[in-house]
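Colleague: here's my sequence, what's the structure:
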Amino acid sequence: MSGPTVIVLASGRGERFTASGGAGHKLQAQLGSKTVLQHTLDAVRASGLPWHLEASGQPGMGDSIAAAVAATASAKGWLILPADLPLIRADTLRAVALALQQHRVVLPLYRGQRGHPVAFSSTCRQALLDLKGDQGAAAVARNCGAFELDVNDAGCVTDIDTVDDLHRAGGALSAEA
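Modeller: Numbers count the residues shown, from 1 in each chain. Here you go, the predicted structure:
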């Protein structure tokens, strides 16, 4: 499937995870038989969308998004996906990408809760390139009028920030099996 590029953000330090008792970086933590990052990348690959892993160690989320957009400058748009969402489903990625054909910004909602990936059309390119520091792209989404897309995927809101989050995700993964 051609379409927008999924940007997988993997530059964060994961400090809340280690502060909660986690050993090592949260993206390398085991969740079932794979790491958190591997689960996320497997869903991205299964979506059939082009993708880019941003793991260059940028100082903030805004810097990471800007670097990834610059690295994929010819993309038709971007789905910004933090790498710590291991339960995200490929069909959710495809649904967000499809909705982006009709909207400048698409924000998935699961039971009223905002999730990821947040998608941006190529008309938002410069605003994304201008991002800096710890702030992500929320202001760009507000300024461009985000369309809220209801999805049936708890994985779009199930991020791993703490050891407890990892255990909850493991329980959800076991329940799916």
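
Colleague: low-confidence regions, the protein specifically.
Modeller: Scanning the chain for pLDDT under 70 picks out 1-2, 177.

Colleague: ranges for the helices of it?
Modeller: Taking DSSP state H, the helices of the chain run over residues 15-19, 36-47, 61-71, 90-99, 125-129, 138-144, 163-176.

Colleague: now the residue of the chain positioned farthest from its centre. Nearest residue, chain neighbours left out?
Modeller: Largest separation from the mean C-alpha position in the chain: Gly21, at 23.9 Å (C-alpha atoms, centre = their mean). Distances taken as C-beta to C-beta, 6 or more residues apart in numbering place Val163 nearest to Gly21, at 5.0 Å, with adjacent residues excluded. In short, each C-beta sits where N, CA and C put it, glycine included.

Colleague: then Arg168?
Modeller: Thr158 is the one closest to Arg168 (C-beta to C-beta, 6+ apart), at 7.5 Å.

Colleague: that neighbour: neighbouring residues, count only.
Modeller: 19 (other C-beta atoms under 10 Å).

Colleague: same thing with the one 3 residues further on?
Modeller: Counted with other C-beta under 10 Å, the burial measure for Asp161 works out to 17 neighbours.
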